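Enquirer: fold the following.
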Amino acid sequence: MKTIRNMTAAVADAMAAVSLFVGRRADENEPLGGCRFERDIIRDSYRPLKQNYFELLDNIREDWNTIVQNDLLLDELKVFLEACNRFHTVASEFEETAEAHDGEIEDLFGEDWRPIEYLILICSWEREADAIYKYCRRNCGLGIRLDDPFRGIALRLRRFFTGTSDDDIREFVMNGVSLAGRPRWIGDKNQAVVMGMMLGKSCKEMNDSFLFTRTNGTPIPLNYSQHGPRLELDQYEIFGIIRPIQDVTSKKSD
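Expert: Modelled structure (predicted):
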C-alpha cells in the first residue's frame, strides 16, 4: 500500500505543478518546457498506477479475514483509503484545470491524452472497493470526502451540454427539478443514458430536462433501449464525472 500511496502522491504533486504552470502560461504566455518532468510523471504513471490499484484490491479481498483481525493492517488500510479520497479531489480539480486551459494542456500532453482518465480510474476503484470503504467508515473512523461534488460540475459537463449552473444541476439531481431551457445534449446519446441510469433518472425525466437531436438537428426523444450503452458503464467518459454525484444520491436514499 505504501508504494501505491507514494505513486499517487507523486502524480498528485505533478498535477498541482502542471495546474500552476498552465495557468501562468495562459496569463503570461510562458513557453513550454517548464513542466515537462511533471508532465511525464502524469502521462507515464497512469498504466502502472491502474494495474497496481486493482492488483492491490485483489490482494485486500484475498487477505480480508486477516486484515480485519489485525489493527495495524486495518489502520494501514484506512490511511490508504484516505489517500485515495485525497487523490479523487486532486484528480477532479486537475480535470477542471484541463477544461479551463484545454489549449495549454493539449500543447503539453498532445491531443490524444485525456486528463479525465485519472478521475475515471479513481472512481472505478472506489466503485469496486465500495464494500471495503463501507466497512472502514463503520469500524475504522474513515471519513468521507468533504469537497462538494457539485462544485464545478457544470464546467465538467460542458462537453455534453451547456447553459446551466452548478446549482441547476444540483436541483435536477437531488430534487428532480427539470433543467430550465432544456439544454441541447451534445454528442453521443449513450452518454446521456449512462448519466440517467447512474442517477436513477427515468427516460422521461431526461427528456424533460434535455433536448436530444438527430445529426441533422431535428429533435428525437432519448430512448434507453435504443440509445443504451454497449460497454461497461465505467468505460464511458461521463462515468467519472457523475460517479461522485452518484455517491451523494446514494447517501440521500439511505
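Enquirer: Y224 falls within a helix, correct?
Expert: No: read with DSSP: H, G, I helix; E, B strand; the rest coil, Y224 is coil and lies in no helix.
Enquirer: quick check: closest non-adjacent residue to it.
Expert: Closest residue to Y224 apart from its sequence neighbours, by C-beta to C-beta, 6 or more residues apart in numbering: C203 at 4.9 Å. Any C-beta I mention is one placed from the backbone N, CA and C, and that applies to glycine too.
Enquirer: before we move on, what about R182?
Expert: Distances taken as C-beta to C-beta, 6+ apart place L211 nearest to R182, at 4.7 Å, with adjacent residues excluded.
Enquirer: relative to F94, how far out is the one you found?
Expert: To F94, L211 is 31 Å away according to C-beta to C-beta, to the nearest Å.
Enquirer: any idea how far apart the tips of stretch 221-231 sit?
Expert: 22 Å (C-alpha to C-alpha, to the nearest Å).
Enquirer: circling back to that earlier point, which one's more surrounded, L211 and F94?
Expert: Higher neighbour count among L211 and F94: F94, with 23 against 16, using other C-beta atoms under 10 Å.
Enquirer: before we move on, back to that, the residue nearest to R182 bridge partners, please.
Expert: Counting by DSSP bridges, L211 is bridged to R184.
Enquirer: wait, it touches P219, no?
Expert: Yes: between L211 and P219 a contact is recorded at 6.3 Å, counting by C-beta atoms under 8 Å.
Enquirer: and the protein, what are its domains?
Expert: Here the domain assignment for the chain is 2-139, 153-253, based on automatic domain parsing.
Enquirer: rank the ones you listed by mean pLDDT and give me the bottom one.
Expert: Ranked by mean pLDDT, the domains of the chain end with domain 2-139 at the bottom, a mean of 85.
Enquirer: doesn't L56 make contact with M1?
Expert: Yes: with contact defined as C-beta under 8 Å, M1 and L56 form a contacting pair (6.6 Å).
Enquirer: what about D168, neighbour count?
Expert: 20.
Enquirer: and the gap between it and L179?
Expert: 6 Å.
Enquirer: check F54 too.
Expert: 36 Å.
Enquirer: again, but for I41
Expert: Per C-beta to C-beta, I41 is found 39 Å from L179.
Enquirer: Three-state assignment for the nearest residue to I4 once chain neighbours are set aside, please.
Expert: Using C-beta to C-beta, 6+ apart and skipping residues adjacent in sequence, the residue nearest I4 is N52, 5.0 Å away. Applying three-state DSSP to N52 yields a three-state assignment of helix.
Enquirer: gap between the longest helix along the chain and the chain center?
Expert: Ranked by residue count and defined by DSSP state H, the top helix of the chain is helix 71-100. Distance of helix 71-100 from its chain centroid, counting by C-alpha atoms, centre = their mean, to the nearest Å, is 12 Å.
Enquirer: report the buried residues of that helix.
Expert: Under the neighbour-count criterion of 16 or more other C-beta atoms under 10 Å, helix 71-100 has 74, 77-78, 80-81, 83-99 buried.
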